[in-house]
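Enquirer: Would you be able to build a 3D model of this:
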Amino acid sequence: MKYQQLARQILTGVGGRENIQSVVHCATRLRFRLKDSRKTDSGLKQNPDVITIVESGGQYQVVIGNHVGEVYQALLSEGGLSDGDNADGDSPAEKQTLFARFIDIVSGIFTPFIGVMAASGILKGLLALAMALGVLNEQSGSYKTLFVASDALFYFLPVVLGYCAGKKFGGNPFVCMTIGAALMHPVMLEAFSKEQAGQAPMHFFGVPIILINYASSVIPIILAAWVSCLIERLLNPRLPGAIRNFTTPLVCLAIVVPLSFLLIGPVATWLSHLLANGYLWVYGLSPLAAGLFVGGFWQVFVIFGLHWGLVPLMINNLSIYGQDSMLPLLLAAVLGQTGATLGVLLRTRDQKLKGIAASAFSTCWFGITEPAVYGVTLPARRPFIFGCIGGALGAAIIGFWQAKVYSFGLANIFTLFQTVPNSGIDATVIAAFTGSLLAFVVGTVATYFFGLPAEKAAALVAEAKASNSEPEASSLLKTLTMNSPMSGQVIPLEEVPDQTFASGLLGKGVGIVPAEGRVVSPVNGCVASLFRTGHAIGLLADNGVELLIHVGLDTVKLGGEHFTIHVTQNQPVRCGDLLIEFDMAAINRAGYDLTTPIIVSNTDDYLEVLPASRETEVQENTPLLTLFV
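Expert: Presented below is the predicted three-dimensional model:
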């Protein structure tokens, strides 16, 4: 019942079933393609069972966590949707950029079987370790049985990809799956072997067939499936319903299978080799630099869901060369965040945060970092940065020694076993273990000692209050006071109905529900940034405080309407100077929330940023925030 209720709330939050073009899920997220993203409800971000919302790569991504599979099934049931299919295939979705379309296609094709792929990769790694330790022999029946279990998905990958690509492209998935099976048919594999042995090539009505072993290939079947689905869309509207069910598949198979062997397969294979060689060329320029970049920024890619763009590249490397050098670098990035989460778990005194960190820490080991990133490290900012630094340093070592994996899977602790070659443990394997350990240790130690300055500030504030003195008057702390730029009702920042602000990602502060349509300068300083739409302004105070004042939520969409700007970029300002005026009634009528986040942008320069008073009402240029130095 809990999942059904959450599914109903999500369905409402994305604009209803009629607004869903398609939906799939990965390890932690529901990935929607919506017809109109403006119909979504920003309040969905505040749902306690939703970690966060990410809009990226043309997708509206609802991050759920480990229970995403159960929520997905409940969503299909509540919305009357089919697994991975379009809710309304005849209605166009919003126009997407080429890159967004690419991310959407890749994630839609690979997410349905990513769990099985990860399990197969782990099993391959464990078998390699067992061989290296002498536990299993390659000729034994036990090894062969388990090897078949671990290798079947990768060997018959064109069949699986054909099915998923067919669904993604809106065609008959069984036709596309059959095309994938044709690429793997024993007759064609036997002909390939004979041609390799020097026999004459096969011909299709006099045209020689370029035979290639398509086992474990990725790009050929995806292109073939796209062509098949294109033919379907052209034929179906023109054929009578009585014969459509067998005539369209007949034409697709008769055209696409020969075309795949004659043209699509060879061209796609050439592209696959070109892509693999291009990656190796870039990686070969400096494996150490590649490790620093990938290890440092991988989690940033994950935040925006852009990491799916690299999945085909890694699988393609394994298909072409039987090994991949990118996946070991990702392991360091994962363990860097794992260590940062442990640092928070050990350091924090906040019992709620400690509970979240403990749960997220356990999932990190299996490569699921979103709960840790969104719930633990990213809101505190420094732990996330330290985790990325640890990942960069660890991946630099792994890259320098050019460690590789020999099977695909999610980057997790078991990836270490996948770095073991058939020849046994060597220097690259030791480098993979060393780099991973370094990433974990750096993330843990740096976060424990430097990642939570607010914990130190809280202890000092508590000590000051215990002595019945005001924190700002205590000799234990040096403080700065920041005045309010407007009059209104003060609310905690975490209650602002926008996850970007509420999470503290942009800095700490408070929200104000304005009582008047004006913003004045709360500091002596200058205008550091001025948005032409007038909805937001950044100030740099003479004492070094950087302040962001964002009038309303999503008001940038008004394009400056109902706002009047009274200052210019870089203009000096004094306390009380009028900065912006806005028409509260008109903005409310337009349907926008006027809650105004007041953010200290350079929060990391201070031990803590707290409300200056417990009062819920504030006037212009009266104390609003206390900054502990």
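Enquirer: Please count neighbours and contacts with C-alpha atoms only from this point.
Expert: Noted.
Enquirer: Stretch 407-423 spans what distance, first to last residue?
Expert: When the termini of stretch 407-423 are compared using C-alpha to C-alpha, to the nearest Å, they are 15 Å apart.
Enquirer: Name the residues of it that come out as buried.
Expert: Of the residues in stretch 407-423, those with enough neighbours to count as buried (16 or more other C-alpha atoms under 10 Å) are 407-421.
Enquirer: what's the weakest-modelled helix or strand in this protein?
Expert: Each helix and strand of the chain was given a mean pLDDT (mean pLDDT, DSSP states H and E); the minimum falls on helix 453-466 at a mean of 56.
Enquirer: need the next SSE after it, C-terminal direction.
Expert: Later in the chain than helix 453-466, the nearest helix or strand by DSSP states H and E is strand 479-483.
Enquirer: List the neighbouring strands of whichever helix or strand comes after that following strand plus their orientation.
Expert: Proceeding N to C from strand 479-483, the next assigned helix or strand is strand 488-492, under DSSP H and E. Strand 488-492 pairs in its sheet with strand 508-514 (antiparallel), strand 617-618 (antiparallel), by DSSP bridges.
Enquirer: gap between strand 488-492 and the chain center?
Expert: Distance, stretch centre to chain centre, for strand 488-492: 32 Å (C-alpha atoms, centre = their mean, to the nearest Å).
Enquirer: Provide a list of residues in contact with Pro287.
Expert: Pro287 makes contact with Ala396, Gly399, Phe400, Gln402, according to C-alpha atoms under 8 Å, 6 or more residues apart in numbering.
Enquirer: Same question for Val62.
Expert: Listed by C-alpha under 8 Å, 6+ apart, the contact partners of Val62 are Arg29, Leu30, Arg31, Val50, Ile51, Thr52, Ile53, Val54.
Enquirer: if we go to 7 Å?
Expert: By C-alpha atoms under 7 Å, 6 or more residues apart in numbering, the contact set of Val62 is Arg29, Leu30, Arg31, Val50, Thr52, Ile53, Val54.
Enquirer: Tell me the bridge partners for it.
Expert: With DSSP bridges as the rule, Val62 is bridged to Leu30, Ile53.
Enquirer: With respect to Ala392, which of the contacts of Val62 is nearest?
Expert: Ala392 has its nearest neighbour among the contacts of Val62 in Val54, at 24.2 Å by C-alpha to C-alpha.
Enquirer: which one is the closest one nearest to, not counting chain neighbours?
Expert: If you skip the residues right next to it in sequence, Val54 has Gln61 as its closest partner in space, 5.0 Å away by C-alpha to C-alpha, 6 or more residues apart in numbering.
Enquirer: same thing with Leu331?
Expert: Nearest non-adjacent residue to Leu331 (C-alpha to C-alpha, 6+ apart): Ala411, at 5.0 Å.
Enquirer: Checking the one you found next. Helix, strand or coil?
Expert: coil (DSSP: H, G, I helix; E, B strand; the rest coil).
Enquirer: and if you look at Val23?
Expert: strand.
Enquirer: Now the contacts of Val62 in TSV, please, with extra columns for neighbour count and pLDDT.
Expert: Supplementary listing: those in TSV, determined by neighbours: other C-alpha atoms under 10 Å; pLDDT from 0 to 100:
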residue	neighbour count	pLDDT
Arg29	27	83
Leu30	23	87
Arg31	26	85
Val50	16	86
Thr52	24	81
Ile53	22	85
Val54	19	80
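Enquirer: out of the residues you listed, who's nearest Lys2?
Expert: For these, the closest approach to Lys2 (C-alpha to C-alpha) belongs to Val50, at 12.7 Å.
Enquirer: residue contacts, that closest one?
Expert: Applying C-alpha under 7 Å, 6+ apart as the definition, the contact partners of Val50 turn out to be Val62, Val63, Ile64.
Enquirer: Okay, the second one and Phe366: tell me how far apart.
Expert: Applying C-alpha to C-alpha, one obtains 17 Å for the distance of Val63 from Phe366.
Enquirer: neighbour count winner among these two?
Expert: In this comparison of Val63 against Phe366, neighbours counted by other C-alpha atoms under 10 Å, the higher total goes to Val63 at 25 against 17.
Enquirer: Surely the more buried one and Cys26 touch.
Expert: No. Checked against C-alpha atoms under 7 Å, the pair Val63 and Cys26 is beyond contact range at 9.7 Å.
Enquirer: what about Asp426, how many neighbours?
Expert: Residues contacting Asp426 under the criterion other C-alpha under 10 Å number 12.
Enquirer: Was I right to think Ala403 contacts Asp426?
Expert: No. Taking C-alpha under 7 Å as the contact criterion, Ala403 and Asp426 are not neighbours in contact, 9.6 Å apart.
Enquirer: Need the per-residue pLDDT for the residue nearest to Val54.
Expert: Note for Gln61: predicted pLDDT of 87.
Enquirer: need the contact list for it.
Expert: Contact criterion C-alpha under 7 Å, 6+ apart gives Arg29, Leu30, Arg31, Phe32, Ile53, Val54, Glu55 as the residues in contact with Gln61.
Enquirer: mind checking how far the residue lying closest to the third one once chain neighbours are set aside is from Gly134?
Expert: So the one you mean is Arg31. In space, and not counting its chain neighbours, Arg31 is closest to Gln61: 4.6 Å by C-alpha to C-alpha, 6+ apart. Using C-alpha to C-alpha, we find Gln61 at a distance of 45 Å from Gly134.
Enquirer: again, but for Asp604
Expert: Taking C-alpha to C-alpha as the measure, Asp604 and Gly134 are separated by 52 Å.
Enquirer: ok, now Ile537?
Expert: Distance of Ile537 to Gly134, given as C-alpha to C-alpha: 66 Å.
Enquirer: who's more crowded, the two?
Expert: For the pair Ile537 and Gly134, the greater number of neighbours falls to Ile537 (23 against 11), based on other C-alpha under 10 Å.
Enquirer: which SS state does the more buried one fall under?
Expert: Classification of Ile537 into helix, strand or coil gives strand, according to three-state DSSP.
Enquirer: Skip the chain neighbours and tell me the closest residue to it.
Expert: Leaving aside its sequence neighbours, Ile537 is closest to Leu530 (4.8 Å, by C-alpha to C-alpha, 6+ apart).
Enquirer: So what's the residue count around that neighbour?
Expert: Neighbour count of Leu530, defined by other C-alpha under 10 Å: 17.
Enquirer: quick one: the residue nearest to Arg31 and Gln73, what's the gap?
Expert: From Gln61 over to Gln73 the distance is 16 Å, taken as C-alpha to C-alpha.
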